[in-house]
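Colleague: quick one: sequence and predicted model below, then my questions.
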Amino acid sequence: MDQIFNELSVSACYPNKYAAQVGMDSAIDVSLSLSKHGMSNNIRTTSDFKERLLANEYSVADWSRDKTGNKDKRRHFLTYATKSPYIENYYDEKEQNEKLFEFRFEQKIALGLGLAYLWNTSSISLDGDSRFINGHVVLSEYRVIEDKESINDIFVFTFSKTEQVEAHKDSIKDSLYSIINCGSDIIRNAKEMLPFLSFCPKAIDQIKGLWGSEQFFPEVLNHLFILNDSMREWSGGSYTPNLDFSTESPSTMSNKEYAQKRTFVCNDNIERQFRFHSKIKSANKRIYFFPQVENKLVHIGYVGDHLPTTKFPT
């Protein structure tokens, strides 16, 4: 899921270009934090975003050319933002032309905040505009249904500080869950949503075979997110994800047949024996994983039925 920049917060809200540079750095930190929690690096902006003012006579375009700011953050922003498709492109053309719906904040059209609502996600705001620093805003949604106009107040998250992202990380995860409807969606979005996991070919085939209607599907998704987040937060010592998992017994792994069933080829073309597995007890399913802490990576080898052991051979 792409990120969205609230264009209304780019309102000449800083006293000078130096404060504007600090403010843009802070907004980029928010973007990086959202990426860390599984959102795409891409930042959607309005088509006029570069012409909007950060301070009097200092636009986003001026900032993008200013060599006195943080060049790494500027490069990151220009790589992932201010490019098409723009926020306007995501609004349905027919509804936009016929004015069937519209979002406003303090009577101003709110494209970014409105798109965040439609996508059930959050937006990024500059911290120089006091209207957007509390982590959320209330929009007015105008809709025309059968020639009758209705106006509703709606709640939208908008973050200007990294602490706000951390405080609402569960909501961010919920919004990401909402775009996952089947196993193929997991694999398609894995690079952005689960960057600390590497799916072996066997696991990819198994996950793609999930329709999403399985009773245990939400648990598979939750286990994968926990495995990813645990590796992201790992800073030393043993890797212990916060879920129900265990290690195969020596007797099972010494059995040639059973050991082979737990041996999978990883994406680096190395064949590994997977001893750790998480347990989805409600459906007797297992996710076999191999933590490679030196690379901050978790290989996912198998997602499926309970494999035979010496204690439970069938």
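Modeller: In hand now; what should we look at? Worth saying up front: this structure is predicted, and the values here are computed from it rather than measured. Numbers count the residues shown, from 1 in each chain.
Colleague: partners of the biggest strand by length in the chain, with directions?
Modeller: Criterion DSSP state E: the longest strand present in the chain is strand 148-159. Partners of strand 148-159 in the sheet, by DSSP bridges, are strand 123-124 (parallel), strand 136-145 (antiparallel).
Colleague: need these in a markdown table (columns: mean neighbour count).
Modeller: C-betas here are computed from N, CA, C, even on glycine. Below are these laid out as a markdown table (neighbours: other Cβ atoms under 10 Å):
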| stretch | mean neighbour count |
| --- | --- |
| strand 123-124 | 30 |
| strand 136-145 | 15 |
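Colleague: kindly state the pLDDT recorded for the nearest residue to Asn16 once chain neighbours are set aside?
Modeller: Nearest non-adjacent residue to Asn16, counting by Cβ to Cβ, 6 or more residues apart in numbering: Ala55, 5.5 Å away. Ala55 is assigned 97 on the pLDDT scale.
Colleague: cool, and Asp185?
Modeller: So Asp185 comes in at 95 (pLDDT).
Colleague: which ones are touching Lys161?
Modeller: Ser26, Val30, Asp127, Ile133, Gly135 (Cβ atoms under 8 Å, 6 or more residues apart in numbering).
Colleague: between these, which is nearest Asp185?
Modeller: Val30 (25.7 Å; Cβ to Cβ).
Colleague: quick check, Glu166 in a helix?
Modeller: Yes. Under DSSP: H, G, I helix; E, B strand; the rest coil, Glu166 sits within a helix.
Colleague: wait, it touches Val30, no?
Modeller: No. Under the criterion of Cβ atoms under 8 Å, Glu166 is not in contact with Val30, lying 10.5 Å apart.
Colleague: higher neighbour count, these two?
Modeller: The neighbour count for Glu166 versus Val30, taken as other Cβ atoms under 10 Å, is higher for Val30 (25 against 13).
Colleague: in which helix or strand does His277 reside?
Modeller: strand 276-280 (DSSP states H and E).
Colleague: which residues touch that strand?
Modeller: 216, 219-220, 223, 227, 241, 243-248, 285-291, 302.
Colleague: starting at the chain centroid, how far to that strand?
Modeller: Its chain's C-alpha centre lies 24 Å from the corresponding centre of strand 276-280 when counted by Cα atoms, centre = their mean, to the nearest Å.
Colleague: other SSEs contacting the helix or strand that it is followed by?
Modeller: On the C-terminal side of strand 276-280, the closest following helix or strand by DSSP H and E is strand 285-292. Secondary-structure packing of strand 285-292 (3 or more Cβ pairs under 8 Å, 6 or more residues apart in numbering; DSSP states H and E): helix 217-233, strand 276-280, strand 297-305.
Colleague: Arg262 contacts Met253, doesn't it?
Modeller: Yes. In this structure Arg262 lies within contact range of Met253 using Cβ under 8 Å: 7.3 Å.
Colleague: so which of the two has more stuff around it?
Modeller: Arg262 (22 against 17).
Colleague: from Lys73, how far out is the more buried one?
Modeller: Per Cβ to Cβ, to the nearest Å, Arg262 is found 44 Å from Lys73.
Colleague: residues in contact with Gly212?
Modeller: Ile180, Asn181, Cys182, Gly183, Asp185.
Colleague: can you check Thr158 too?
Modeller: Asn6, Ser9, Leu113, Ala116, Ser122, Ser123, Ile124, Ser125, Phe132, Gly135, His136, Val137.
Colleague: was I right about the fifth one contacting Lys173?
Modeller: No. Applying Cβ under 8 Å as the test, Ser122 and Lys173 come out as separate, 11.8 Å apart.
Colleague: who has more neighbours, those two?
Modeller: Neighbour count, other Cβ under 10 Å: between Ser122 and Lys173, Ser122 has more, with 27 against 17.
Colleague: just give the closest residue to the more buried one, not the sequence neighbours.
Modeller: Nearest one to Ser122, counting by Cβ to Cβ, 6+ apart, is Phe157 at 3.7 Å.
Colleague: thank you kindly, that will do.
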